[in-house]
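Novice: Pasting the sequence and the predicted model now:
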Amino acid sequence: MLARSAFHHSVNYRSVVVLGTARPVGGAAQRRAALRALTERLVPGRWDEVREPSEQELRGTQVLAMDLAEVSAKVRSGPPIEEPEDLSRATWSGVIPLRLAAAAPQPAPEITPGVEPSAVVAGWVARRA
């Protein structure tokens, strides 16, 4: 975000701070369920397409849970806040929108020729393009 004054240049953002005490998720079944929930939150439908974690992978992975004791969210959006005396300056001010977007999927180097992204993957990418 660019203002007419360098002092008022800023960034629109979203930020969350979470306070609480993390604890290990015990048991392979509970860790597996937590990893499934995380995977499905990120890319719905993906868990059913991939190999589940092996027992060795689960033993080597720490999964944490946390009850939220306190949560704070901050959002900054909109145009710059300008000093009244700067409004008459013949200097452009405003917002330059930036975005993070999904691009075309890039296959792993070892992928079998002809294996294409699933409908789950293609849909996820299309919704974020």
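Specialist: Sure, I can see it. Residues are numbered from 1 along each chain as shown.

Novice: V25: how many residues sit nearby?
Specialist: A count of nearby residues for V25, using other CB atoms under 10 Å, gives 18. From N, CA and C alone the C-beta is placed, and that goes for glycine too.

Novice: Return the residues in contact with it.
Specialist: Applying CB atoms under 8 Å, 6 or more residues apart in numbering, we find V25 in contact with 31, 34, 63-65.

Novice: Just the buried ones from the residues you listed?
Specialist: Neighbour-count burial (16 or more other CB atoms under 10 Å) applied to the contacts of V25 gives 31, 63.

Novice: just the CA coordinates of the longest helix belonging to the chain, formatted as PDB?
Specialist: Longest helix in the chain, counting residues (DSSP state H): helix 28-42. The C-alpha coordinates for helix 28-42 follow below in PDB (Å, rounded to 0.1, in the frame of the first residue of the first chain):
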ATOM      1  CA  ALA A  28      -1.300 -44.200  16.400                       C
ATOM      2  CA  ALA A  29      -5.000 -44.100  15.700                       C
ATOM      3  CA  GLN A  30      -5.400 -40.600  17.200                       C
ATOM      4  CA  ARG A  31      -2.300 -39.300  15.300                       C
ATOM      5  CA  ARG A  32      -3.600 -40.900  12.100                       C
ATOM      6  CA  ALA A  33      -7.000 -39.200  12.600                       C
ATOM      7  CA  ALA A  34      -5.300 -35.800  13.300                       C
ATOM      8  CA  LEU A  35      -3.100 -36.100  10.200                       C
ATOM      9  CA  ARG A  36      -6.200 -37.100   8.100                       C
ATOM     10  CA  ALA A  37      -8.100 -34.100   9.400                       C
ATOM     11  CA  LEU A  38      -5.200 -31.800   8.600                       C
ATOM     12  CA  THR A  39      -4.800 -33.200   5.100                       C
ATOM     13  CA  GLU A  40      -8.500 -33.000   4.400                       C
ATOM     14  CA  ARG A  41      -8.600 -29.400   5.600                       C
ATOM     15  CA  LEU A  42      -5.800 -28.500   3.200                       C
END
